[in-house]
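Chemist: Mind looking at a prediction? Sequence and model below.
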Amino acid sequence: MTITNYNGNVDLFLPSEYADKIAVEITSAKNKVDRQKLGQFFTPLSTAKKLIEFSEFSITSSEIKICEPACGLCILSCSLIEYLCTLNNIKEIELTCFEIDSSITEYTKEILTKLVEYCNKCEVVLSYTLIEEDFILYYKDVFDNNYFAKTYDLIISNPPFFKLNNYDERVTLAKEILYGLPNIYTIFYYISTKIINNKGLLLFLIPRSICSGSFFKQFRAHFINYIKFDKIHLYSTDEKIFDNHSVLHEFVFIKSSKVEFNDEYSIEITHSENIDSITNIRYKHNFSILKNLIPLATSKKDLEILQKLKTFSTNLGAFGFEVFYSKLVISKVEKLLNSTPCENCLPVIWLHNIEQAKFIFPVEHKYPNYIQNTENIKPFLIYNESCIFFRRYNNNDYITRIVTTAYKNSLNNYNYLAIDRLVGVLLNKSNNLPIETIYGISAYLNSEFVNSYFRMINGIINVTGEMILELPIPDIAVINKMGLNIKNGYNSEIDKLL
Ligand SMILES: C[S@@+](CC[C@H](N)C(=O)[O-])C[C@H]1O[C@@H](n2cnc3c(N)ncnc32)[C@H](O)[C@@H]1O
């Protein structure tokens, strides 16, 4: 492959620089859809170097075994090994790489040959194995409970990230550790935690969702007893991380290591806007296995919110709330729908009925407002009583992570309401809360304070009912004051009451 706009001697490039140039050529020559299918976004050299700089590791032995799952053109391995060559103690490196795309591996081999030559010059012996197979299937035995083969001292990776469908062989294999719609990168991370040596180190560039609540909380629970997150750096915008091959994600660098059971420890967390900007915040987060939450603050204000939340002693779950989800799908009930009130009909609450601090009904919409009350819609019904509705799905028009409205039994001709699957309902089990408490809780959930908190623990992923139930809430007197002051309205005054 010829490197465009370069007339000089390629031998003068460092292996990592050479790999980076080849990456640019392949990216422009290859069909985008084919690359997306493999999650093939080569790690730009500047990002690779930042990851090495971020890791701040020290190595005392003279030999090291490294693995790069999903190696692509080995930009990460080259950057890492060039760095190791500057440390005087390293004499021997064994590198194992995995790459599934046979259309690029001839270049990977060429780059690795250059890397061996470079190491020779530095008096470091490098041997490598490039395994041209699927990393997950290669390590399928990891999912066997008796698996025990710790192999590597350091695993460095920028794994592919895309959703796998539930019929994918790899999902079947990893089903015990996956929840919801699984992203392939989680399986790469999990396998890596199983094949790392006891004193080993994992260096990953992955979507920030690994730190998020709900699904990822359950995923983390699978390795939390033997893996510790040492450092996390969050980048808010990805376009510089992947040179505009952008996908809608925020990314983190994560340095993690093996640990004997340790139920509480501190993680160093830092943030910067993008790869070129300076770190604007650095703090220690006390992580506990019991809570298993990793908020990623991006400003001093965020840190103040985290401090304040520590002073709140209860949450909505403890306060007697529960979540109702329905599985109502329009295609299955289409024949039962009616646009006007009818005999034996009930109102249906769709996503478009819920706005921030506003319950709008009826709405002229392609989805009719009423449904016939038959036996088969029973699972979709709630009693018509005061409650809080929230949107389970917010498209990009919503800058807030959470949108709720209090509902005060206004459709009082009906005993029940039918609920669409995209609407979540917070119901109080005892159903005897005064309306100002219901208003106050909804106001609190709509506040900038709570929105910032969910942004910290969930990024741009939609907030789930379980997360809402776990959210710390202020004293009930404060909640009631919010409810009395603003009713079911929304204004920026909410935050001043906190
Ligand atoms: C995000 S890129 C990493 C690129 C690499 N860090 C570099 O800069 O050259 C992910 C790579 O993983 C490869 N890949 C995707 N699925 C894989 C799998 N199941 N096993 C091994 N490699 C895979 C893709 O072809 C792609 O080259």
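Modeler: The structure has been received and is ready for your questions. Because the structure is predicted, anything quoted here is derived from the model rather than measured. Residues are numbered from 1 along each chain as shown.
Chemist: So what does the closest residue to the ligand within the stretch 251-400 of the chain have for phi and psi?
Modeler: Proximity of the stretch 251-400 of the chain to the ligand (C-beta to the nearest ligand atom) peaks at F251, 10.8 Å away. In short, each C-beta sits where N, CA and C put it, glycine included. Backbone geometry at F251, expressed as degrees, to the nearest 10, gives phi -120, psi 150.
Chemist: so what's C97 closest to, chain neighbours aside?
Modeler: C71 (3.7 Å; C-beta to C-beta, 6 or more residues apart in numbering).
Chemist: what does K140 give?
Modeler: Closest to K140 by C-beta to C-beta, 6+ apart is L173, at 5.5 Å.
Chemist: The one you found touches D144, doesn't it?
Modeler: No. The criterion here is C-beta atoms under 8 Å, and L173 misses it with D144 at 10.2 Å.
Chemist: and these two? which has more neighbours close in?
Modeler: For L173 versus D144, neighbours defined as other C-beta atoms under 10 Å are more numerous around L173 (18 against 8).
Chemist: Write out the residues of the stretch 51-200 of the chain neighbouring the ligand.
Modeler: Contact residues (C-beta under 6 Å from any ligand atom) of the stretch 51-200 of the chain with the ligand: 70-76, 98-101, 134-136, 158, 160.
Chemist: Now list the buried members of these.
Modeler: Among these, those classed as buried by 16 or more other C-beta atoms under 10 Å are 70-76, 98-101, 135-136, 158, 160.
Chemist: Show me where the stretch 201-350 of the chain has its helices.
Modeler: Along the stretch 201-350 of the chain, counting by DSSP state H, counting those that start in this stretch, helices occupy 215-220, 300-310, 330-333.
Chemist: can you put these in TSV and add mean neighbour count?
Modeler: Converted to TSV, those look like this (neighbours: other C-beta atoms under 10 Å):
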stretch	mean neighbour count
helix 215-220	20
helix 300-310	14
helix 330-333	12
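Chemist: mind putting those helices in CSV, mean pLDDT included?
Modeler: Formatted as CSV, those follow (pLDDT from 0 to 100):
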stretch, mean pLDDT
helix 215-220, 86
helix 300-310, 95
helix 330-333, 88
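Chemist: Thought I75 was touching L112, still the case?
Modeler: No. Using C-beta under 8 Å as the test, L112 is too far from I75 to be in contact (11.7 Å).
Chemist: Could you tell me how many residues sit around S62?
Modeler: The number of residues near S62, taken as other C-beta under 10 Å, comes to 13.
Chemist: before we move on, back to that, what is the most widely separated pair among the buried ones among the residues of the stretch 51-200 of the chain next to the ligand?
Modeler: Farthest apart among these by C-beta to C-beta are I75 and I136. That separation is 21.3 Å.
Chemist: Compute the distance between the residue nearest to K140 and the ligand, please.
Modeler: 12 Å (C-beta to the nearest ligand atom, to the nearest Å).
Chemist: how close does the residue nearest the centre of the chain get to G180?
Modeler: Taking C-alpha atoms, centre = their mean, the centroid of the chain lies closest to S209, which sits 0.8 Å from it. Distance, S209 to G180, using C-beta to C-beta, to the nearest Å: 11 Å.
Chemist: try T43
Modeler: Per C-beta to C-beta, T43 is found 27 Å from G180.
Chemist: Repeat that for N262.
Modeler: 28 Å.
Chemist: Does E106 lie in a helix or a strand, and which?
Modeler: Element membership of E106, judged by DSSP states H and E, is helix 105-121.
Chemist: and the next element down the chain from that helix?
Modeler: Moving toward the C-terminus from helix 105-121, the next element (DSSP H and E) is strand 125-131.
Chemist: Just the CA trace of that following strand, in PDB.
Modeler: The C-alpha coordinates for strand 125-131 follow below in PDB (Å, rounded to 0.1, in the frame of the first residue of the first chain):
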ATOM      1  CA  VAL A 125      13.600  -9.400  21.800                       C
ATOM      2  CA  LEU A 126      10.000  -9.200  20.500                       C
ATOM      3  CA  SER A 127       8.200 -12.400  19.400                       C
ATOM      4  CA  TYR A 128       4.600 -12.100  18.200                       C
ATOM      5  CA  THR A 129       1.700 -14.300  17.200                       C
ATOM      6  CA  LEU A 130      -1.100 -12.900  15.200                       C
ATOM      7  CA  ILE A 131      -4.200 -15.100  15.600                       C
END
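Chemist: Average pLDDT for it, rounded please.
Modeler: Strand 125-131 comes out with an average pLDDT of 98.
Chemist: Might you calculate how far that strand sits from the centre of the chain?
Modeler: Computed by C-alpha atoms, centre = their mean, to the nearest Å, the chain-centroid distance of strand 125-131 equals 32 Å.
Chemist: Flag every buried residue along it.
Modeler: 126, 128, 130-131.
Chemist: Could you measure from the residue nearest to K140 over to T105?
Modeler: 24 Å.
Chemist: what do you get for K32?
Modeler: For K32, the distance to T105 - C-beta to C-beta - is 20 Å.
Chemist: can I see the domain layout of the chain?
Modeler: 10-298, 321-496 (automatic domain parsing).
Chemist: can those go into JSON lines with extra columns for distance to T311?
Modeler: Output for the domains of the chain, formatted as JSON lines (distance: least, C-beta to C-beta, whole Å):
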{"stretch": "domain 10-298", "distance to T311": "15"}
{"stretch": "domain 321-496", "distance to T311": "8"}
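Chemist: which stretch among those comes nearest K308?
Modeler: Here domain 321-496 is closest among those (C-beta to C-beta), at 7.7 Å.
Chemist: residues touching whatever residue of the chain ends up closest to the ligand, list them.
Modeler: Among all residues of the chain, G72 sits closest to the ligand, at 2.5 Å; criterion: C-beta to the nearest ligand atom. Neighbouring residues of G72 by C-beta atoms under 8 Å, 6 or more residues apart in numbering: 23, 40, 42-43, 99, 101, 104, 108, 158.
Chemist: JSON lines please, covering these and showing pLDDT.
Modeler: JSON lines is the format used below for those (pLDDT from 0 to 100):
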{"residue": "A23", "pLDDT": "95"}
{"residue": "Q40", "pLDDT": "91"}
{"residue": "F42", "pLDDT": "94"}
{"residue": "T43", "pLDDT": "94"}
{"residue": "E99", "pLDDT": "98"}
{"residue": "D101", "pLDDT": "97"}
{"residue": "I104", "pLDDT": "97"}
{"residue": "T108", "pLDDT": "98"}
{"residue": "N158", "pLDDT": "97"}
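Chemist: Please flag which of these sit within helices.
Modeler: Judged by DSSP state H, helices contain the following of the contacts of G72: 23, 108.
Chemist: ok, so of the contacts of G72, who is nearest I196?
Modeler: Nearest to I196 among the contacts of G72, with distances taken as C-beta to C-beta, is N158, at 16.7 Å.
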